[in-house]
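>>> Whatever this is, show me its structure:
(chains A and B)
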Amino acid sequence: MLFGALRFVYQGWIEKLYLEPTFFFKFYGFSWVQPLGETGMYFLFGLIALSAFCIMLGCFYRLASICFFLCFTYVELIDATNYLNHYYLVCLLAFLMIFLPAHRAFSFDVWRKPALRVDRVPAWTINILIFQLSLVYFCAGLAKLNPDWLFRAMPLKIWLLERSDFPLLGYFFQFPITAYLFSWGGAFYDLTIAFFLLNKKTRIFAYILVVLFHLMTNLLFNIGLFPLIMISSTLIFFSTAFHEKLLAHIGFQKNDHNFYTFPKWNKRLLQVGLAFFVFLQISLPFRHLFYPGDLKWTEEAYRFSWRVMLVEKTGQSTFFVKDSASGRKSEIINGQYLTKFQEKQMSIQPDFMLQFAQYLKSQYQKQFNYTNPIVTVNAHVALNGRVSQQFIDPMINLANIEDGFAPKKWILPLR
Amino acid sequence: MTLLLAMACGIDEEPSTDCIQGFDQKAMFENMATAIILPAYSQLKNQVDQLSIKGEAFTTNPSEATLLDLRSNFIAAYEQWQYAAPFEFGPAMDVFLRNSLNNFPVNVGQLENNIATGSWNFDAPDEYDKGLPALDYLLYGIANDDAEILAAFKEAPDAQKHRDYLTALIADIKTRVDKTTQAWEAYETTFTANTGTADGTSLSLIINSFNEHYELSKREKIGFPSGALTSGFPNPEAVEAYYSGHSSILLRKTLEASETISSQLKNYLDQVNAEKNGTPLSSLVKTQYQEIRTLADSFGSTSLSEIIATDIEKVNSLYQLISDQVVLIKTDLPSVLCVSITYIDNPSDSD
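Below is the predicted model:
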């Protein structure tokens, strides 16, 4: 994560994603999260890097993990355009780590205060991480069980074709059969890998598969740090003995057996909290059942559900703002308000369109004295190699629609 | 696992037309290069060479005859530019050809200031003081009538400065057009061999630059002047070639160039069986261009600024027809050919 923060600085993404835009898309309920200006943003990323470094060394761990979780989550909440499942995973793991005694051995804190040293921790501290990672894989696998993925090998077919310059394997990418093999193999891997990792007999082979799989996806696709995160975090599946042997190799000796126990007074609280966390994590990926339509199309209940690599979408949306009083109407050039990346993301996500429409409403009230501006959109989206379809009801006035958790009836269904 | 393999194979037996491979992209690119792109540049180069000669004739001997001669050559060059404009990648991109030749509407204040101070920088792509629009102003708009315009280059106190600026403008155009044309000689092989669907392949370059130019034309040539983008308040002086009043004809040339490029993609679209609501996508695109052309033809040679003032509804209808085409060529066409639109770029990771 230290590397991740430095990478952001190096790539100039802080400017591009948090300083250049004048408008930011929000997660529902988090519209109060604002970017902090140039100094603020660099300071924030500095804190992320520093706290990640401290967590790594186990140095002032509790403070560092709280700081990391808050700063990282804050950054992710600034602009929903940049939402990625693996950033969400980092937020969740960071949150869990606040409560884990991950600094009680082989750490700077133990060196500083040897009394902190423990060698045995309650099983839940490890199991909650195992649960979280297994859930990611399993839900990602379930999401792949859809007709596009299985019977059209989409969108992998498109993406593999783009990588036909890939060394050795590239030649095979031009054949549809390769895309089908990758699709089915990927779905099988996601659905089963957690079980193979849990089983002691198959664990080592499963882990080799994890490494190979993520190395492959890293080389093929533009997915940033995700492979690294998964390769390192799945090590948690291995037994204590395995980790201790590994550590002994590099000179860390294990000590007498100290058991870590949580203070009694908050044990009850912890149990309730854990149960709630687990419940939330299991139910979030299935909340789409409450929404009509194909969720690859509507993207309602799409986020926070481990739906990765499922869609290749292109869209275009032309907004119109009309003054109710004079009847004057203006077509909007999205680029005057949004960065290209924001425009691209907005053109395929209905909740972003709604936010943009309301922003246009306020802009036109302020700048051009429009009364009760009516905002409509002519939006077309093409999904997974199909021709496009009208995406949003072009007659609906988006300026007067409140965002919320109710199904968005103004999204036209995929035919 | 064997079962999965078997199932995967079974599925593959159905003929699938998604992102079909085996289409001869190379042959298509070769044809595009020899039939469209190279002729567009070489004819532009001819016109610009002439422009340079006529410009020199006018500045050495400003007269009504040399002015008219220069003007008619200027119009020919401006028309020819419309056929080269959609190919803003590779050699053209290297010299910012589109921004250098056709940033409009011209910024008259800045241009007059350049003339007065005798200093300018034509390498700044976002300035509006150069190229064909600047020539349009100098040759048609610098004074009220032809006699005064001639005087501005002949006997006015700053005539020398006007002549110098005119010469510099033409020289800059010529340098960039020459460089692009020459670079294409070597680039042609790269272009035709660069097959595939990824970013940076020739298919992606063509589709992206053709779309970007189409949208830019829609916006600059009609959207701003007609008021479609400005709450219905028209800006007729923002049309292309405002001073010579040649905007309608230039617009038609642009549309024609765009239609020609799209027709080059017809076979490709037909081979992937691209259909929308039961009609081949290639026919939908063609029909739409025909409708656009029919309406645009009815404008004759009357300038867009004049039609905006007298018959705005007609301009609005044309704008609507042109806008409807964007869905077909910018969203449908790339999607079925499995090419992504990259001029709307992706700075970050994906997942």
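
>>> just for chain B, where's the confidence low?
Across chain B, the ranges flagged by pLDDT under 70 are B:1-17, B:20, B:342-351.

>>> for it, what spans make up the strands?
Assigned by DSSP state E, chain B shows strands spanning B:275-276, B:279-280.

>>> Ok, which of these comes nearest chain A?
strand B:275-276 (4.4 Å; CB to the nearest CB). Quick note: C-beta positions are derived from backbone N, CA and C, even for glycine.

>>> What residues does the stretch 101-250 of chain B have near chain A?
Contacts of the stretch 101-250 of chain B with chain A, taken as CB under 8 Å from any CB of the partner chain, map to B:196-199, B:219, B:223, B:228-233.

>>> what secondary structure does the nearest residue to residue A:142 once chain neighbours are set aside sit in?
Leaving aside its sequence neighbours, residue A:142 sits nearest to residue A:191 (CB to CB, 6 or more residues apart in numbering or on different chains; 7.1 Å). Secondary structure, DSSP: H, G, I helix; E, B strand; the rest coil: residue A:191 is helix.

>>> What is the neighbour count of residue A:191?
Residue A:191 has 17 neighbours, counted by other CB atoms under 10 Å in any protein chain shown.

>>> OK, contacts around it?
Neighbouring residues of residue A:191 by CB atoms under 8 Å, 6 or more residues apart in numbering or on different chains: A:137-138, A:141-142.

>>> Kindly state the pLDDT recorded for it?
We have a pLDDT of 96 for residue A:191.

>>> any idea how far it lies from chain B?
Distance of residue A:191 to chain B, given as CB to the nearest CB, to the nearest Å: 11 Å.

>>> How many neighbouring residues does whichever residue of the stretch 101-250 of chain A sits closest to chain B have?
Closest residue of the stretch 101-250 of chain A to chain B, CB to the nearest CB: residue A:224 (3.3 Å). For residue A:224, the neighbour count with other CB under 10 Å is 19.

>>> What strand or helix carries it?
Under DSSP states H and E, no helix or strand contains residue A:224.

>>> returning to that earlier point: which of the strands of chain B has the highest mean neighbour count?
Per residue and on average, the most neighbours among the strands of chain B fall to strand B:275-276, with a mean of 18 (mean count of other CB atoms under 10 Å in any protein chain shown).

>>> Now the one residue sitting closest to the centre of chain B. Its backbone dihedrals?
Nearest to the geometric centre of chain B sits residue B:85, at 3.2 Å (CA atoms, centre = their mean). The phi and psi values for residue B:85, taken as degrees, to the nearest 10, are phi -60, psi -30.

>>> Same question for residue A:374.
In terms of degrees, to the nearest 10, the main-chain angles of residue A:374 are phi -100, psi 120.

>>> Look up the closest residue to it, ignoring the ones flanking it.
In space, residue A:374 is closest to residue A:322, 4.3 Å off (CB to CB, 6+ apart).

>>> and what of residue A:361?
That would be residue A:399: by CB to CB, 6+ apart, it lies 4.1 Å from residue A:361.

>>> now the helices: where do they sit in the stretch 251-400 of chain A?
Ranges of helices in the stretch 251-400 of chain A, per DSSP state H, counting those that start in this stretch, are A:267-283, A:295-298, A:340-346, A:350-368.

>>> Can you check which of those helices gets nearest to residue B:50?
helix A:340-346 (39.0 Å; CB to CB).

>>> That closest one near chain B anywhere?
Yes - using CB under 8 Å from any CB, helix A:340-346 reaches chain B at A:340-341, A:343-344.

>>> Report all helices and strands that that helix contacts.
Packed against helix A:340-346 by the contact rule (3 or more CB pairs under 8 Å, 6 or more residues apart in numbering or on different chains; DSSP states H and E) you find helix A:350-368.

>>> Does anything pack onto the helix it packs on? Which helices or strands?
So helix A:350-368, by 3+ CB pairs under 8 Å, 6+ apart, packs with strand A:313-322, helix A:340-346, strand A:374-383.

>>> Can you tell me the strand partners of the first one and which way each runs?
Strands flanking strand A:313-322 in the sheet, each with its direction: strand A:329-331 (antiparallel), strand A:374-383 (antiparallel) (DSSP bridges).

>>> Could you tell me the phi and psi values at whatever residue of the stretch 1-150 of chain A ends up closest to chain B?
Residue nearest to chain B within the stretch 1-150 of chain A (CB to the nearest CB): residue A:84, separated by 4.5 Å. Backbone torsions of residue A:84, given as degrees, to the nearest 10, read phi -140, psi 140.

>>> That one: neighbouring residues, count only.
Residue A:84, neighbours per other CB under 10 Å, totals 19.

>>> With residue A:253 instead?
8.

>>> So for it, what's the pLDDT?
According to the prediction, residue A:253 has pLDDT 70.

>>> okay, how far is it across stretch B:89-108, tip to tip?
29 Å (CA to CA, to the nearest Å).

>>> buried sites along it?
For stretch B:89-108, a neighbour-count test (16 or more other CB atoms under 10 Å in any protein chain shown) marks B:89-92, B:95-108 as buried.

>>> and the gap between the residue nearest to residue A:106 when sequence neighbours are not counted and chain B?
With sequence-adjacent residues excluded and distances taken as CB to CB, 6+ apart, residue A:106 is closest to residue A:252, at 5.2 Å. Note on residue A:252: its distance to chain B, by CB to the nearest CB, is 34 Å.

>>> quick one, phi psi at residue A:252?
phi -90, psi 120.

>>> So what's the residue count around it?
12.

>>> again with residue A:214
Counted with other CB under 10 Å, residue A:214 comes out at 19.

>>> ok so, going back, now the buried members of the residues of helix A:340-346 next to chain B.
Counted by 16+ other CB under 10 Å, those give A:340-341, A:343-344 as buried.

>>> okay, now the domains of the chain?
Just going to use chain A. A:1-117, A:122-288, A:312-400 (automatic domain parsing).

>>> I was after chain B.
According to automatic domain parsing, the domains of chain B span B:21-194, B:196-351.

>>> Quick one: closest of these to residue A:410.
domain B:196-351 (18.8 Å).

>>> Residue B:156 and residue B:150 touch, don't they?
No - under the criterion of CB atoms under 8 Å, residue B:156 makes no contact with residue B:150, lying 9.7 Å away.

>>> and the two? which has more neighbours close in?
Between residue B:156 and residue B:150, counting by other CB under 10 Å, residue B:150 is the more crowded of the two (20 against 15).

>>> so what's the more buried one up against?
Contacts of residue B:150 (CB under 8 Å, 6+ apart): B:62-64, B:67.

>>> Check the gap between the nearest residue to residue A:198 once chain neighbours are set aside and residue A:209 for me.
Once flanking residues are discounted, residue A:198 sits nearest to residue A:237: 6.7 Å by CB to CB, 6+ apart. Distance, residue A:237 to residue A:209, by CB to CB, to the nearest Å: 12 Å.

>>> just the residues of helix A:340-346 next to chain B now: which is nearest residue B:58?
Nearest to residue B:58 among the residues of helix A:340-346 next to chain B, with distances taken as CB to CB, is residue A:340, at 43.0 Å.

>>> Was I right to think residue A:79 contacts residue A:27?
No - Residue A:79 lies out of contact with residue A:27 (CB under 8 Å); the separation is 9.4 Å.

>>> show me the contacts for the most centrally placed residue in chain A.
In chain A, the centroid-proximal residue (CA atoms, centre = their mean) is residue A:85; its distance is 1.8 Å. Neighbour list for residue A:85: A:136, A:226, A:303, A:306-308, B:351 [criterion: CB under 8 Å, 6+ apart].
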